[in-house]
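1. Quick one, structure for this:
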Amino acid sequence: MQKKIPMRKCVGCGEMKEKKEMIRILKTPEDEIILDTTGRANGRGAYICNSSACLTKAIKNKGLERSLKSQIPEEVSDRLKKELS
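-> Below you'll find the predicted structure:
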């Protein structure tokens, strides 16, 4: 029997991809928004493709805000863009 591959949807472009190919953006219980490199940290997560274009799209179309259920301040989105590039 073949093992099931976990799939996630990018909040930027809307494509379904394997979980390990994507980057998880996390809203911690302390309401901090960070890049979750391990994919295991506690909190509400949203996934994006490994490209700054998808991050920009996710911020522009408010997909990231919807997924994380909170407003994203300008400095946080700038920091995420820097960390991604």
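2. When you work out contacts or count neighbours from here on, use the C-alpha atoms and nothing else.
-> Will do.
3. tell me which strands and helices the helix or strand of the chain with the lowest mean pLDDT is in contact with?
-> Using mean pLDDT, DSSP states H and E, helix 74-84 stands out as the lowest-scoring helix or strand of the chain, at a mean of 89. With contacts defined as 3 or more CA pairs under 8 Å, 6 or more residues apart in numbering; DSSP states H and E, helix 74-84 has these neighbours: strand 33-36, helix 52-60.
4. just how off-centre is that helix within its chain?
-> The chain centre lies 12 Å from the centre of helix 74-84; the measure is CA atoms, centre = their mean, to the nearest Å.
5. Can you give the contact residues for it?
-> Under the criterion CA atoms under 8 Å, 6 or more residues apart in numbering, residues 33-35, 50-52, 55-56, 59 lie in contact with helix 74-84.
6. Which of the residues in it are classified as buried?
-> By 16 or more other CA atoms under 10 Å, the buried positions in helix 74-84 come out as 77, 80.
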